[in-house]
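Student: next come a sequence and a model predicted from it.
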Amino acid sequence: MKLAEAQERFIQSWGALASSWGINRTMAQVHALLMIAPEPMSAEEVMERLNISRGNANMNLRALIDWGLIRKELKQGDRKEYFVAEKDIWTIAMRIIQERKKRELNPVSRIIEEVSEVEIDKNNPEAVAFQETIENIQKFVTNADTLLTRISNADENWFTQVLLKMLTK
């Protein structure tokens, strides 16, 4: 397999995998391209390489900056903005975990906390079932939050050791 073919396959596969994680395919393809790029790339270079529009490139570059997965760089004497991806996969994974926790788990946690304060008539089976369901979801969200916080605060060696222990049992 030639380098160009391998790069294209990686970019396309990273995009497809990210879609199954709930991340925009094009955003993941931009991220993959920047991860494998040896030098910072301009928005125009990203557009050309991925054959996407300026608006699509700019929107996804901004989203990747918001997620903390890429950063802007300026080259002296050049007015263009260039973009560089974080290359350390552990750092990338931790940033994605933190961002998904912030965007998905925290809002669910707030809603569950809010609806758990409903007054329950113990003689109403519907109210009792509602309360039990909310309590189960609350336990799950609390456990997930604790786990994700521990993982994102851990270092790579700790995580690898825990994972190996789990797999060898």
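Tutor: Sure thing, it's come through. Since the model is a prediction, treat every value here as computed from it, not as a measurement.

Student: show me this protein divided up by domain.
Tutor: Taking automatic domain parsing as the reference, the chain has its domains at 3-85, 89-168.

Student: gap between the two ends of the longest one?
Tutor: Counting by Cα to Cα, to the nearest Å, you get 20 Å between the two ends of domain 3-85.

Student: nearest spatial neighbour of the residue nearest the centre of the chain, chain-adjacent residues omitted?
Tutor: Most central in the chain under Cα atoms, centre = their mean is Ile96, positioned 3.0 Å from the mean C-alpha point. Leaving aside its sequence neighbours, Ile96 sits nearest to Trp67 (Cβ to Cβ, 6 or more residues apart in numbering; 7.1 Å). All C-beta atoms are positioned from the backbone trio N, CA, C, and that covers glycine.

Student: hmm, that neighbour is touching Arg95, no?
Tutor: Yes. If you go by Cβ atoms under 8 Å, Trp67 and Arg95 touch, sitting 6.2 Å apart.

Student: comparing these two, which shows the higher neighbour count?
Tutor: Between Trp67 and Arg95, counted using other Cβ atoms under 10 Å, the more crowded position is Trp67 (20 against 16).

Student: check contacts around that one.
Tutor: 95-96, 99 (Cβ atoms under 8 Å, 6 or more residues apart in numbering).

Student: now do the strands in the protein.
Tutor: 41-42, 70-74, 81-85 (DSSP state E).

Student: shaky segments in the protein?
Tutor: Filtered on pLDDT under 70, the chain yields the residue ranges 156-167, 169.

Student: all helices of it, in order?
Tutor: Using DSSP state H, the helices of the chain run over residues 3-20, 25-36, 43-50, 54-66, 89-100, 106-115, 125-153, 156-168.

Student: quick check: angle from the shortest one to strand 81-85?
Tutor: So that's helix 43-50. Interaxial angle of helix 43-50 relative to strand 81-85 (axes from the mean of the first three to the mean of the last three Cα atoms, to 10 degrees): 60 degrees.
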